[in-house]
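Here's a sequence, model it:
(4 chains)
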4 protein chains.
Amino acid sequence: MFADPSPRAQDLLQRLRQFFDQHIYPNEERYHREMAEFRRQGDPWQIVPLIEELKPKARAAGLWNMFLPHPYKGQGGLSNLDYAPLCEVMGRVVWSGEVFNCSAPDTGNMETIERYGTEAHKEQWLQPLLAGEIRSAFLMTEPQVASSDATNIQCSIRRDGDEYVINGRKWFSSGAGSPHCQIFIVMGKTDPEGPRHAQQSMVLVPRDTKGVTVLRHLSVFGYDDAPHGHMEVLLEDVRVPVSNILLGEGRGFEIAQGRLGPGRIHHCMRSIGAAERALEMMCDRLQSRIAFGKPLAEQSVWHERIAESRCMIDQARLLTLNAAWKMDTVGNKQARAEIAMIKVVAPNMSCKVVDWAIQAHGGGGVSQDFWLAEAYAHQRTVRLVDGPDEVHRNAIAKLELGKRAAARR
Amino acid sequence: MFADPSPRAQDLLQRLRQFFDQHIYPNEERYHREMAEFRRQGDPWQIVPLIEELKPKARAAGLWNMFLPHPYKGQGGLSNLDYAPLCEVMGRVVWSGEVFNCSAPDTGNMETIERYGTEAHKEQWLQPLLAGEIRSAFLMTEPQVASSDATNIQCSIRRDGDEYVINGRKWFSSGAGSPHCQIFIVMGKTDPEGPRHAQQSMVLVPRDTKGVTVLRHLSVFGYDDAPHGHMEVLLEDVRVPVSNILLGEGRGFEIAQGRLGPGRIHHCMRSIGAAERALEMMCDRLQSRIAFGKPLAEQSVWHERIAESRCMIDQARLLTLNAAWKMDTVGNKQARAEIAMIKVVAPNMSCKVVDWAIQAHGGGGVSQDFWLAEAYAHQRTVRLVDGPDEVHRNAIAKLELGKRAAARR
Amino acid sequence: MFADPSPRAQDLLQRLRQFFDQHIYPNEERYHREMAEFRRQGDPWQIVPLIEELKPKARAAGLWNMFLPHPYKGQGGLSNLDYAPLCEVMGRVVWSGEVFNCSAPDTGNMETIERYGTEAHKEQWLQPLLAGEIRSAFLMTEPQVASSDATNIQCSIRRDGDEYVINGRKWFSSGAGSPHCQIFIVMGKTDPEGPRHAQQSMVLVPRDTKGVTVLRHLSVFGYDDAPHGHMEVLLEDVRVPVSNILLGEGRGFEIAQGRLGPGRIHHCMRSIGAAERALEMMCDRLQSRIAFGKPLAEQSVWHERIAESRCMIDQARLLTLNAAWKMDTVGNKQARAEIAMIKVVAPNMSCKVVDWAIQAHGGGGVSQDFWLAEAYAHQRTVRLVDGPDEVHRNAIAKLELGKRAAARR
Amino acid sequence: MFADPSPRAQDLLQRLRQFFDQHIYPNEERYHREMAEFRRQGDPWQIVPLIEELKPKARAAGLWNMFLPHPYKGQGGLSNLDYAPLCEVMGRVVWSGEVFNCSAPDTGNMETIERYGTEAHKEQWLQPLLAGEIRSAFLMTEPQVASSDATNIQCSIRRDGDEYVINGRKWFSSGAGSPHCQIFIVMGKTDPEGPRHAQQSMVLVPRDTKGVTVLRHLSVFGYDDAPHGHMEVLLEDVRVPVSNILLGEGRGFEIAQGRLGPGRIHHCMRSIGAAERALEMMCDRLQSRIAFGKPLAEQSVWHERIAESRCMIDQARLLTLNAAWKMDTVGNKQARAEIAMIKVVAPNMSCKVVDWAIQAHGGGGVSQDFWLAEAYAHQRTVRLVDGPDEVHRNAIAKLELGKRAAARR
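Sure thing, here's the model as predicted:
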């Protein structure tokens, strides 16, 4: 690729791949075994021993907090462009991100606190998060409304003296299933009658606050994604000090815009990694299966799909690197068209490639014997989280139409 | 539609819809509750009380064994063309087929025994199957080979005196998870060195025969499809009397061809019903959700998808009715092009429509709160069972090329 | 197909196919030669001798005016369902329709005059049209506005005493290039301030009326479609007696709705015929070309396309037959959803199949050596004439959403 | 984009855009007028005065021979990566390339002679070509065989003393219609029985050699593409000195591989420019047309297409730049996967975008009033020239499968 990683990223990449070869791939079966055992016991919402074992190893290997673009107390400092190939590798094994303290939604939450939190917020929450001691959740989407339109948000954040009183119902609060999860960033309305984009605010809500109830998990195509999970959370008269607000009242939309950029591009990087792995599995399977006298890999209908997969993956990767470079050079806000583009392109691409890989595996492809069905479920969901395709396409089109309107003037 | 159902089918259809309104739709939640309770208890492979309650009601309502084209002892006698709209309705609720004794793979198995079994087979197995007292499984696909090429089958059926000795490993043996399941139809090779299509035979194997082990279930995306299930079954020195053979040695391929036609068209009918329901849900959701100041249903991007859904569903239905009519009039073998066509068209169509419906539901669409993700998992699997798309497209193309070669002569 | 033609249609179909074998296919080259000669002479807008020779033969063979559903003075009387397979055959050779007096836009215009004209209109215009002595054009679309929204129409029809005075500019007035073309049906506004659908009227305008100027032809891709042509026509103070109005002032929209149904379904029938021919050519070509050691027809990537073509064609045909049957049984208005559906499905399908056939022919596929590029240009245009896809999808979606809204009440 | 052009390319790009604003766009109508006048006179195969006027201006502006990667006597020297944005601009107006002496197939032919010709060849042919005094054609494809498989080539090059005797029939010899065209590079077989890739040779054949007949032009969707043209050429006992061979006997395949890389990437660069222009036209049209009460640009179905267009264009451009960079850094041969990928991606993308733009223009979109139908015809053809999609997808898949086979070892 003409955007080769920098020497620093190159070095990290090599070490990350080694780590995968030594500690991640060989443990995939163990991970599933440990989770299966939890499920058999009736509670999958537990700390996974394997992850806890591997975290210190990753930290020792210098593979820790690589996602954080602006360094904080010696952590992070890698550009988005350099992080991209690393995050792509993590996309190959869904649970691997946590090993490197690079898993969603913590990465986005950490970056949010780093950018918009006070020093006190950082000491209390960012430090243990960066240390991998606790985890976090982002409570934005609500079950009753189309949440991609932020003005629909119904969660209320009402000031009462020195406290905010929060009432609302959130769902798809990813990560809230984990026993490690101790802090929520909650989006709600402090001023429901204010201007469209100044109604919303974000506050930090410790999970153990009175009135917080994690009701249940939402499944994703039959998967519970435990112990991480996508939870429905009820907030009833939840009280936090006013100092828990991020940036100030009415700035929730602004933070959401800033936060979602990194979250989205990380999803895309992982989607590319998932697609690469699916393509490898597709090729391997096709070369090993014989039907009607020759390997499936000699059928030109599969040549078409392999070739299209390669073309789609490489294009999505280049587009993602381009978006990363824009974020690094002109900032997340100026890169909003580029971020919207990859948010549409990458998961649609990975869904297609994974789906072909499933087809190449026959019945086995939809089963637990291969990683593919789980990957599909996950990638399909990426087309909905952080705004469905339609919202992003709209944004892209409006920018494009705006450019033409300006050009004609 | 210009192929309106016959008066008899029309009458059945009306009564079936009433039954759904009274007994099926209102019980969907109960079904999931009962299954969830089983899962909580650690064993979902149980008889579902709801189904057992409803079966006598369906029988009393004259809605029983409608699938069987050739009448047997007063049961069945409905043509494929007339059964189509009924089966489509059952496709709307995945567990409903069993209530009417019309669920796969029992329908295909019953038809197989009716067509290819001896009188003794029928008395022993067909009668209790038609009475809904037992269930059955079809053991064809194997984990180690591309099973759509029947010459790849490795399961051995070796004659030893008055017995056949069966050794093999099968998977995706649907229905074998149910405690009701008592009889397997097993495809294996009696003559591995024989002509390509005379190597295979089919034998009846009671589930409780020594050497039969149901090893585990295969999941479909994250669903176990219990209590029905898709099982992996090990056959180790399983012995059955030679009289258990269907039709005779070397005729397994022939039976498979005959059996798979009905099985395939039933899948397609259900796919159409699933797509219709998904389209209804899509419309309802779009009309109830507001974003950026207007219902999603007013967005022309959704008009496109609704219109394409309607066009695709109606086309797939007409093609399926056409195939049914051909099966009824010229026989399953002569209708093989038509069956292959719907086997490709119907599940691809339903996957597309269900996927759009998921997108219209946002995050909820992939969760357990709607029927859609489960429907998608099921429909996606239909593209693989009974031969993947590629095998059917191949068959269609070869017939088409053959027609042209003949025309040019 | 389960909708086999009636015996009368079956008989006509057989005779039509014979006529094609004897008189149409063997003359395709001559047609192109005659047209090429006209072009070399600098004027392709001439009567084609071949067509004039064949018309009496077709009439003698009883293959004349088959399109007309309601018999008029012994002509026509074939239902839409019976006409479908005949029209499909005519779709195989673009100029063949005129031979049987079944070519657009004359068919639609004749039906319009038959249904909405006075006895005087019929004697003056319908009779010579049915006799194939003259031809006609339909002047609706305008270059300056999105004409699929009838309220955009700018052509003015102002009453002045016993006359209407017409001013406007029309384009894509198909057929107006022919020297035979003597009568125009013009859509304009008699009451621009009236209710949305009562502003428009239709009047008969003889081509040789003062103020009528046929300005130029519009090409379709690089084809002029002479001598038929798609013309731009200027109407400047064109005066016709008020008796030339069809049905009455303000009823133009109503007539347009009634007229466009038959016009659209005929287009679709021809699209299906075109696709069938393209599929035949695709198969033939693939079987005759060798690359890398085997015929292209053995490549599974082509199996996929052949199979998809067959599935798409058969589905589109069944949907079209279904629409025809609805038009025959419940009327064009009640069949508006069905007509809208085929208007989207059929040309999109034929574009896809023809495009694959082009690909199978390599460079030759886009050239004059095969009929394919011309067919593509024509089929692509059908996606725009009589309303672009988007307008029809909108209509389908609104009907579907309306059904659901009603069902929920 | 993160691959911004170098300062030199940036400067050329700015000047090229100015040149387009001053001399190209304002003359598009004149070009069509001049060609229309030639056609009216009955001979479009003439020198176009406009082009001849503009060539000295372009040369004076330093916008000349920018395509040539390896400098020759002071001409060229721009890398492929730097040439890409320039070539993209030329893709916006199909005839513009010749103005800058950068039009196909001359660019490929010049590069071929530069790389594989003798000093004498260069003096005789390369110099006048670089000076824009003559033009050239590449005679490879044959009407009777699938020419993408070079072993199918039937043209014979037989040595007879000091001469080669050439017999064969070629078609789609682009550029051979121009009166300027004086030299052909002819691919044929010197050793039909030799090893698969050593049978072919390439020789230089002056157009006025005895035995050369330019028979006719092949049209492209109705367009003659005059005066350039795609010609059928007959070679009957054509004799040239043996010194006219390029590189040596049996090296034709090798040259073809080397030549086709640059030719292909230039096509792709132009495809991207064509798509950009189509997207601009689509936006402009949608913003100017009102239907059902609002501009078409407010319909979300068009937002989807605009957004998809932007995503597809940017991805194809990045993939093309990546291929250019590979060609520049590791050579055309090592970049063969990247070249094959863009050869599939770019014209498929541009066909899709141009097709949407046509749809946005209604009937006008297929006519001569907009550039779109012509652009579509051209872009569709690019999917066939220099190897159809299928051949390139095959090559990509085989490389991918090879990588996996190696990885598993």
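
Count residues in the vicinity of A:Asn152, would you?
Burial of A:Asn152, expressed as a neighbour count using other CB atoms under 10 Å in any protein chain shown, amounts to 15. Every C-beta, even on glycine, is put in place using the N, C-alpha and C of the backbone.

check contacts around it.
A:Glu142, A:Val145, A:Ala146, B:Ile290, B:Ala291 (CB atoms under 8 Å, 6 or more residues apart in numbering or on different chains).

Doesn't A:Thr213 belong to a strand?
Yes - the assignment for A:Thr213 (DSSP: H, G, I helix; E, B strand; the rest coil) places it in a strand.

if I look at A:Lys326, how far off is A:Ala335?
4 Å (CB to CB, to the nearest Å).

still on that earlier bit, now the contacts of A:Asn152 as CSV including distance to chain D, pLDDT and neighbour count?
Shown next, in CSV, are the contacts of A:Asn152 (distance: CB to the nearest CB, whole Å; pLDDT from 0 to 100; neighbours: other CB atoms under 10 Å in any protein chain shown):
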residue, distance to chain D, pLDDT, neighbour count
A:Glu142, 23, 96, 20
A:Val145, 19, 93, 16
A:Ala146, 14, 91, 19
B:Ile290, 15, 93, 16
B:Ala291, 11, 91, 20
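
Can I get the residues you listed in JSON lines including secondary structure?
Output for the contacts of A:Asn152, formatted as JSON lines (three-state DSSP):
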{"residue": "A:Glu142", "secondary structure": "coil"}
{"residue": "A:Val145", "secondary structure": "coil"}
{"residue": "A:Ala146", "secondary structure": "coil"}
{"residue": "B:Ile290", "secondary structure": "strand"}
{"residue": "B:Ala291", "secondary structure": "strand"}
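
how about the strands of the stretch 201-350 of chain A, start to end?
A:212-217, A:230-241, A:290-291, A:294-295 (DSSP state E, counting those that start in this stretch).

Show me what the mean pLDDT comes to for the second one.
Averaged over strand A:230-241, pLDDT sits at 98.

swap in the last one?
Over the span of strand A:294-295, the pLDDT mean works out to 95.

wait, does the longest helix along chain A make contact with chain C?
Identified as the longest helix of chain A according to DSSP state H is helix A:252-288. No - figure legend: helix A:252-288 not in contact with chain C (CB under 8 Å from any CB of the partner chain); closest approach 12.0 Å.

with the contacts of A:Asn152 in mind, which one is nearest to B:Glu52?
A:Glu142 (39.8 Å; CB to CB).

got a list of what the residue in chain A that chain B sits nearest to touches?
Here chain A gets closest to chain B at one residue, A:Gly222, 2.7 Å apart by CB to the nearest CB. A:Gly222 makes contact with A:Ala377, B:Ser219, B:Val220, B:Phe221, B:Gly222, B:Tyr223, B:Ala373, B:Glu374, B:Ala377, according to CB under 8 Å, 6+ apart.

does the third one have beta-bridge partners, and which?
Going back to what we said before, that points to B:Val220. Per DSSP bridges, the residues bridged to B:Val220 are B:Tyr223.

so what's it up against?
Contacts of B:Val220 (CB under 8 Å, 6+ apart): A:Gly222, A:Val366, A:Ser367, A:Ala373, B:His230, B:Ala377, B:His378, B:Thr381.

centre of the chain versus the one helix or strand A:Glu390 maps to, how much separation?
For A:Glu390, the element it lies in under DSSP states H and E is helix A:389-408. Using CA atoms, centre = their mean, to the nearest Å, the mean C-alpha position of helix A:389-408 is found 26 Å from that of the whole chain.

Please apply the same query to stretch A:190-200.
For stretch A:190-200, the distance to the chain centre is 27 Å (CA atoms, centre = their mean).

Please apply the same query to stretch A:236-244.
The answer for stretch A:236-244 is 27 Å, by CA atoms, centre = their mean.

Which residues does that stretch contact?
Contacts of stretch A:236-244 (CB under 8 Å, 6+ apart): A:118, A:120-121, A:159-160, A:162-167, A:203-206, A:209-213.

taking the residues you listed one by one, which sit in helices?
Among these, the subset assigned to helices under DSSP H consists of A:Ala120, A:His121.

Could I have the buried ones of the contacts of stretch A:236-244 as PyMOL selection syntax?
Those of the contacts of stretch A:236-244 that count as buried under 16 or more other CB atoms under 10 Å in any protein chain shown are selected in PyMOL with:
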select buried, chain A and resi 121+164+165+166+167+203+204+205+212
